[in-house]
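Peer 1: Fold the following.
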Amino acid sequence: LHTHLFSQFRYLLKIIGMGLSFIQFWSLDHTLDILNT
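Peer 2: This next block holds a predicted model:
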């Protein structure tokens, strides 16, 4: 049970990490757009 829960937690962390990096990339792109205007 513990190992299954741990793998699920790691999977969740991976998704959160991907989401955070995506948000960072998007905000950076947005900032560049504002600076270019």
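
Peer 1: secondary structure element for Phe25?
Peer 2: Here Phe25 sits within helix 2-36, counting by DSSP states H and E.

Peer 1: just how off-centre is that helix within its chain?
Peer 2: With Cα atoms, centre = their mean, to the nearest Å as the basis, helix 2-36 stands 0 Å off its chain's centre.

Peer 1: Identify each buried residue in that helix, please.
Peer 2: For helix 2-36, the neighbour count (16 or more other Cβ atoms under 10 Å) marks no residue as buried. The C-beta positions use only the backbone N, C-alpha and C, and glycine is treated the same way.

Peer 1: Poorly predicted segments of the chain, please.
Peer 2: For the chain, the stretches with pLDDT under 70 are 1.

Peer 1: Let's see that with 80 instead.
Peer 2: Applying pLDDT under 80 to the chain flags the ranges 1-2, 32, 34-37.

Peer 1: Return the distance of Ser21 relative to Ser7.
Peer 2: Computed as Cβ to Cβ, to the nearest Å, the Ser21 to Ser7 distance reads 21 Å.

Peer 1: my bad, Leu32
Peer 2: Note on Leu32: its distance to Ser7, by Cβ to Cβ, is 38 Å.

Peer 1: Many thanks, we can stop here.
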